[in-house]
Structure formats: C-alpha cells, structure tokens
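Student: how would this look folded up:
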Amino acid sequence: MDYVRRSPLAFGYLCLLLIGHAWVVYGPSAGLLDYLGTNLDNLGDHPVPALFGSALFFDGTLTDLASTGIVGTLITLGLGVGCFLAWAERRWGSARAAAVFLGGHLAATLLTAAVIVLALDRGWYPPEVRHASDFGISYGAQTVLALGVLAVPRWARIPWVLFVLGWPLAGAEWPGGPLPDFTTVGHLLAAALGFALAAVLGPSRPPTT
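Tutor: Model prediction:
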C-alpha cells in the first residue's frame with residue numbers, strides 16, 4: 001500500500017491512536033485519562049507522563065455520527081494525522097514530521113498552561129479549570145494543519161487559514177473576561193505555531209516520491 005510505504009509514521013500513529021481509543025472505550029481504563037490530562041494539577045504533579053501520555057489518545061468519537069464530537073475526530077484524526085502529518089512526513093521525513101507534531105503538542109500545551117495561570121489570577125476562568133479534563137492529539141494536529149497551508153494551492157490558502165482558525169472558534173465558550181475557553185486558546189496557539197513554521201519554511205514545493 002503506497003500510503004503505508006510513504007507515510008509509515010502517520011500510519012503507525014493512526015493505528016496506535018485507534019488501539020488506544022478502543023482500550024479506553026472497552027478496556028479497564030478508569031482514571032487513566034484523568035491521570036494523563038494536561039491540566040495544571042497534573043502538570044505540577046507528574047508533567048512528563050501527562051505531556052507525553054496525553055498524545056496517545058484522541059478526545060472524540062468514531063461511532064456517534066450525530067454528535068459534534070465526530071467533527072472534531074474527522075478534523076484532528078482524519079485531516080490532522082491521516083492527511084497532513086502524512087504530507088509533512090513525505091516532504092520532510094518521519095523524524096522531522098514527528099518533531100513538528102510533538103513540538104506543537106508540547107509547546108501549545110505549555111503555553112496554554114501559562115495562559116490558564118494568568119486567567120485564574122485575573123478571575124477570567126473558574127478555579128475548577130485547574131483540574132479540568134484535557135487530553136488528546138488536537139494541539140499537535142492543529143499545528144500540522146496550519147503548516148499544511150504550504151500544501152494547498154495558492155488560491156486556497158486564505159480559506160485554509162480561515163478554516164484552521166475558525167473551527168475551534170466555532171465551538172468556543174466564553175467563561176468570562178476577554179479569553180475563550182482554554183482548549184480554544186490552545187488550538188489558536190497551536191495554529192499560530194504552525195503558521196509561523198510555514199512562514200519560516202517558505203513556499204511549497206512538490207513533495208518527492
């Protein structure tokens with residue numbers, strides 16, 4: 001299969017995420033995602049397992065086609081990992097594509113944590129945000145989606161930017177103050193990282209086979 005041959009990282013990661021999802025849904029995983037969530041409490045208590053373990057699961061559904069969760073799954077798992085992580089792997093190689101994805105996940109998570117600390121101090125977020133559930137691949141996926149602006153035709157780049165920024169804002173909540181909910185903040189920060197990387201890497205060239 002050409003996809004597997006050219007994008008082994010993306011294919012393997014998809015398989016790992018699907019296995020992890022099945023284990024969470026059907027296996028003895030009570031409390032695991034609470035432990036691996038990247039909220040302030042977990043980052044303060046066990047940062048390494050939280051930061052890296054949270055990237056082994058996706059927060060979404062594969063079966064509830066009537067829910068809004070399926071949209072997030074299609075965007076993050078389908079487009080983010082299945083399409084644009086694979087594109088980045090074909091263009092720059094597996095190691096660099098993994099570095100972009102994981103770097104976006106880690107950087108956006110830590111920057112979001114800093115925003116949460118500030119928002120709690122200013123009273124913009126409620127105190128329970130410190131231990132809110134927050135796990136999954138979406139920050140890394142958002143980074144490669146933003147980087148993917150290099151992959152689309154020139155005429156589609158502005159619509160693509162609007163899509164990447166718009167889909168998290170479409171479901172945003174505003175708990176008070178000038179900031180949306182912290183997951184929306186995280187997605188916007190991850191997108192900014194991806195767009196900044198795209199600006200550094202320059203215009204697209206056709207990927208080599």
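Student: hey, let's count contacts and neighbours off CA atoms from now on
Tutor: OK.
Student: Any figure for the gap between residue 16 and residue 185?
Tutor: The spacing between residue 16 and residue 185, counted by CA to CA, to the nearest Å, is 27 Å.
Student: between the two, who's got more neighbours?
Tutor: residue 185 (22 against 14; other CA atoms under 10 Å).
Student: Apart from its chain neighbours, what residue comes closest to the more buried one?
Tutor: The spatial neighbour of residue 185 that comes closest, neighbours along the chain excluded (CA to CA, 6 or more residues apart in numbering), is residue 112 at 6.6 Å.
Student: and what of residue 101?
Tutor: residue 140 (4.6 Å).
Student: Next, the contact list for that neighbour, please.
Tutor: Residues in contact with residue 140 (CA atoms under 8 Å, 6 or more residues apart in numbering) are 100, 101, 102, 103, 104, 105, 106, 190.
Student: Can you tell me which of those has the largest number of neighbours?
Tutor: Counting neighbours by other CA under 10 Å, the top entry in the contacts of residue 140 is residue 190, with 32 neighbours.
Student: From what I see, that residue and residue 137 are in contact.
Tutor: No. Residue 190 is beyond contact range of residue 137, at 11.2 Å (criterion: CA atoms under 8 Å).
Student: any common contacting residues for the two?
Tutor: What both residue 190 and residue 137 touch, as defined by CA under 8 Å, 6+ apart, is the set residue 105.
Student: what about residue 157, distance to residue 97?
Tutor: To residue 97, residue 157 is 21 Å away according to CA to CA.
Student: just residue 156 next, same as before
Tutor: Using CA to CA, we find residue 156 at a distance of 23 Å from residue 97.
Student: between these two, which one's more packed in?
Tutor: The neighbour comparison of residue 156 against residue 97 (other CA under 10 Å) goes to residue 97, with 22 against 11.
Student: What confidence value was assigned to the more buried one?
Tutor: pLDDT, the model's per-residue confidence, is 97 for residue 97.
Student: so what's it closest to, chain neighbours aside?
Tutor: In space, and not counting its chain neighbours, residue 97 is closest to residue 89: 5.0 Å by CA to CA, 6+ apart.
Student: Show me how far stretch 152-162 is from its chain's centre.
Tutor: Centroid separation for stretch 152-162 versus its chain: 20 Å, with CA atoms, centre = their mean, to the nearest Å.
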